[in-house]
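>>> the sequence and its predicted three-dimensional model are supplied below.
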Amino acid sequence: MKRFIELLNMPYFIAVLFAFKMMVYYSLIKVNRMEIVHILISVLIWGTIFLCFSKCGLKRKRGIFLTVYFLLSLLMFADTMYYNYYNQTVSIRQLWQARSVTAVPKSFIATLIPASFLLFVDIPFAYSCFKKHTGKNTKHGLNIRKELKYSISILIAIILTLVINPFHSTAIERVKNTEFFTNHVNDIYDAIADNISPEEMGEDEILEVLDEIVPEVTKPYLNGIGSGKNLVVIQLEAFQDFVIGKEYNGQEITPNINRLLEKDTLYYDNYYSNIGKGNTSDAEFSSLNSLYPVIEGESYRLYKDNVYHGLPWLLREQGYTATAVHGYKGEFWNREMAYPYQGFQDYISMEDMNQDEIIGMGISDKSMFKQLVPILETQQEPFFSFVITLTNHHPFIIEEKDQTLQLAEEDKGKKLGAYLQTVRYTDEAIGQFIEDLKTAGLYDNTVIAMYGDHHGLNCGMEDVQNDVSAFIGRTYDYDEMMNVPLIIHVPGSGVDETIHTTGGQIDFMPTIANIMGVDYDETFALGQDLTNATEGFVAFTSYLFEGSFVKDDVMFQISREGIFEDSRAWRIGTGEVLDASLYRDEYEKALLLKRTSKEILEKDLMSEYIKRDVIEN
């Protein structure tokens, strides 16, 4: 013990502690390139902070040091947790999301990485070292002040050089976007810079971009096959495309949806989630308005009272009533505040329903759909109902009595097995809903559209990637992870077609508008009608960094450092490695689309457009 205490007094011991801490951190957020450089820079900054505190004349500096050290460790812990779910570290712009995390504690706990707790192990030792090395000699106060100023100058010089990157060095750019301290300082710097002097586009420039990028369709195929019918749009929680038509040990995973695909149905199998940090809420926002979400936060909070002219408003103009239904709290994702501006006349949430069966976060899908049909029976036709499922939410836990898939022993207790069980449950709820519509006499006159909001299984988690890869028979990568189904069922239409054109939630509103025979002004719609399009393009916001995209059968992923030259591209489905340098134009297009969409939202351009339109007509 005495030898151990002596070791704590040695100057290099604190450096070893810092190095260990950073090794754990960088391994958890999967920083491989230049990892030694990252560790050295981080240790140097930690050491400088340590020295500054030990030499300063602050009162209660030991308590302040312990607080700062703990908070920085907590931030590192948050980074690892956030990365495990989003494949990105925490941003100051996502502090709002803490409340959303506390609303889904089981999901949060399920993403915990035990190794992340190692980031706190060094705290008592670092504090002990700090106490031993706290400067007590006041005879050389002048020298101490010089030493302190020198240390602070070094710290500021290191961070500013890395953040500002005055030499425009690619190597520095790589480091500053992944090294712990510079990454977060750079994030704060960017957030402040965006608020003080944002780069803005003029309205004419926005309109010009939209005119050039968004393709026009002059002779729409299948236009109006659902005209005048009721419309029920179901947003399927965490529903991925690879489960559609797939069997597990001889059992259909989605038997009810599979039967739906056999008749009167359009199935879009290259459809992608393009959500932002608002997850489910951003999926519906993008789908209803044909606009991209932003990285800074959920659109229902940031732009809740903008003027919109999306699907609910378009259908209301055709005499439809517009209602939203969800089995969770009405306030979640700020829906209660945002929905009236989206055009919904009524929002039926958990508080308005019979809470007779709770699974996970809220009312089970089967209970919600059972309660939905009587509500639809009372509505004046034609009606538009936007329904959000919930049971297939991470961490995919349902009681044994509700589990109808027979899992192999090796899949019990695994995320893949749990996911397939809750997918089957939601599929059964949909089957029950369709039968109830038939019994109520509503089925024949109702178009049913459904799409997945986002992935359920993260390919960035090694165990998940291994299990899903074995299940689907190829490497489980982002092209499969971001791929969600879009299904449009039109009873009596006679259509039976699988459309392979690449698209995403950004394209839902134009696509369903064509089916319903509803005209819309394309001025501020960034998507296209996938039924008639021959080429597809979707830009991504979260999970894949901005600048990433899917174009037809090519997936492009910008590097996590934001360096185009370090990016990768591959053929969807086969994984064939492609030359990423050939996709510079498409990369620029993805950034331009995202920037243009954000400007539309920031400037609330729709309000100006609709006012002009009203005056002119």
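That came in fine, so what should we check first?
>>> now for Leu582, how many residues are close by?
Per other CB atoms under 10 Å, the neighbour tally for Leu582 reads 11. (Glycine included, C-beta is placed from N, CA and C.)
>>> what about the closest residue to it other than its chain neighbours, which helix or strand?
Leaving aside its sequence neighbours, Leu582 sits nearest to Ala569 (CB to CB, 6 or more residues apart in numbering; 7.6 Å). Assigned by DSSP states H and E, Ala569 belongs to strand 568-571.
>>> which strands border that strand, and is each parallel or antiparallel?
Strand pairing for strand 568-571, determined by DSSP bridges: strand 554-557 (antiparallel), strand 577-578 (antiparallel).
>>> list of residues touching the longest one?
When contacts are taken as CB atoms under 8 Å, 6 or more residues apart in numbering, the neighbours of strand 554-557 outside the stretch itself are 477-479, 544-545, 548-550, 567-572, 578, 580, 583, 586-587, 590.
>>> let's see 10 Å
Residues outside strand 554-557 that contact it (CB atoms under 10 Å, 6 or more residues apart in numbering) are 272, 477-480, 482-483, 502, 537-538, 540, 543-545, 547-550, 564, 567-573, 575-576, 578, 580, 582-583, 586-587, 590.
>>> just the ones of those in helices?
Using DSSP state H to define helices, the subset of those located there is Tyr478, Asp479, Glu480, Glu586, Tyr587, Ala590.
>>> neighbour-wise, which one of the residues you listed leads?
Counting by other CB under 10 Å, Ala590 has the largest number of neighbours within those, with 26 neighbours.
>>> now do it against Thr541, distance only.
As judged by CB to CB, to the nearest Å, Ala590 and Thr541 stand 10 Å apart.
>>> what do these two both touch?
Shared contacts of Ala590 and Thr541, defined by CB under 10 Å, 6+ apart, comprise Tyr292, Ser548.
>>> before we move on, back to that, now do the strand holding Ala569, average pLDDT.
For strand 568-571, mean pLDDT is 97.
>>> neighbouring contacts of it?
475, 477-479, 548-549, 551, 553-559, 576-583, 586-587.
>>> of the residues you listed, buried ones?
Buried members of the contacts of strand 568-571, counted by 16 or more other CB atoms under 10 Å: 477-479, 548-549, 551, 553-559, 580, 583, 586-587.
>>> in the chain, which helix or strand is least confident?
When each helix and strand of the chain is scored by mean pLDDT, DSSP states H and E, helix 2-9 comes last, with a mean of 48.
>>> residues near the nearest residue to Gly504 once chain neighbours are set aside, how many?
Closest residue to Gly504 apart from its sequence neighbours, by CB to CB, 6+ apart: Val538 at 3.6 Å. The burial count assigned to Val538 is 25, neighbours taken as other CB under 10 Å.
>>> bridging residues for Val538?
Using DSSP bridges, the bridge partners assigned to Val538 are Val550.
>>> I'd say it and Tyr272 touch.
Yes: using CB atoms under 10 Å, Val538 makes contact with Tyr272 at a distance of 5.0 Å.
>>> how about the contacts made by Gly536?
Here Gly536 is in contact with 268, 270-272, 499-504, 507, 527-528, 530, 550-553 (CB under 10 Å, 6+ apart).
>>> now with 7 Å?
By CB atoms under 7 Å, 6 or more residues apart in numbering, Gly536 lies in contact with Asn270, Thr501, Thr502, Gly503, Lys551, Asp552.
>>> ok, now how distant is it from Ile275?
17 Å.
>>> same check, this time on Tyr543
8 Å.
>>> with Ala470 instead?
For Ala470, the distance to Ile275 (CB to CB) stands at 27 Å.
>>> more neighbours: which of these two?
The residue with more neighbours, out of Ala470 and Ile275, is Ile275; 29 against 11, by other CB under 10 Å.
>>> hang on, that one in a strand?
No: Ile275 sits outside any strand when classified using DSSP: H, G, I helix; E, B strand; the rest coil, being coil.
>>> quick check: closest non-adjacent residue to it.
The shortest distance from Ile275 to any non-neighbouring residue, by CB to CB, 6+ apart, is to Asp282 (4.3 Å).
>>> which residue ranges of the stretch 251-400 of the chain form helices?
255-260, 280-289, 299-302, 311-317, 335-342, 365-378 (DSSP state H, counting those that start in this stretch).
>>> my bad, the stretch 401-550 of the chain
415-439, 462-472, 478-481, 508-516.
>>> for the second one, buried residues please.
For helix 462-472, the neighbour count (16+ other CB under 10 Å) marks Val464, Gln465, Asp467, Val468, Phe471 as buried.
>>> try the last one
Residues of helix 508-516 classed as buried by neighbour count (16+ other CB under 10 Å): Phe508, Met509, Pro510, Thr511, Ile512, Ala513, Asn514, Ile515, Met516.
>>> check the first one too.
Within helix 415-439, the residues that count as buried by 16+ other CB under 10 Å are 415-434, 436-437.
>>> which elements pack onto it?
Under the contact definition 3 or more CB pairs under 7 Å, 6 or more residues apart in numbering; DSSP states H and E, helix 415-439 sits against helix 255-260, helix 365-378, helix 462-472.
>>> who's in contact with the second one?
Counting by CB under 7 Å, 6+ apart, the neighbours of helix 365-378 from elsewhere in the structure are 325, 327, 348, 353-354, 356-357, 383, 385, 387, 389-391, 425-426, 429, 432-433, 436-437, 440, 442.
>>> rewinding a little: surely the residue nearest to Ile275 and Gly276 touch.
Yes: if you go by CB atoms under 7 Å, Asp282 and Gly276 touch, sitting 4.4 Å apart.
>>> what touches both of those two?
Pro293.
>>> need the pLDDT of the residue nearest to Ile234 when sequence neighbours are not counted.
Closest residue to Ile234 apart from its sequence neighbours, by CB to CB, 6+ apart: Met450 at 4.0 Å. pLDDT for Met450: 98.
>>> who are the contact partners of Met450?
Ile234, Leu236, Ile487.
>>> repeat the analysis, applying 8 Å as the threshold.
Counting by CB under 8 Å, 6+ apart, Met450 makes contact with Val233, Ile234, Gln235, Leu236, Ile257, Ile430, Pro485, Leu486, Ile487.
>>> which residues touch the residue nearest to Gly504?
Contacts of Val538 by CB under 8 Å, 6+ apart are Tyr272, Asn274, Thr502, Gly503, Gly504, Ile506, Asp507, Phe549, Val550.
>>> mind checking which of the contacts of Gly536 land in strands?
Residues of the contacts of Gly536 located in strands (DSSP state E): Gly503, Lys551.
>>> list buried residues within the contacts of Gly536.
Buried among those by 16+ other CB under 10 Å: Asn270, Thr501, Thr502, Gly503, Lys551.
>>> and the residue nearest to the third one when sequence neighbours are not counted, backbone torsions?
What that stands for is Thr502. Closest residue to Thr502 apart from its sequence neighbours, by CB to CB, 6+ apart: Gly536 at 3.0 Å. Backbone dihedrals for Gly536, given as degrees, to the nearest 10, come out at phi -130, psi 150.
>>> from Leu530, how far out is Gly536?
Distance from Gly536 to Leu530, by CB to CB: 7 Å.
>>> residues shared between the contacts of these two?
Taking CB under 8 Å, 6+ apart as the criterion, Gly536 and Leu530 both touch Thr501, Gly503, Asp507.
>>> for the last one, what are its contacts?
Neighbouring residues of Asp507 by CB under 8 Å, 6+ apart: Tyr271, Ser290, Gly527, Gln528, Asp529, Leu530, Ala533, Gly536, Val538.
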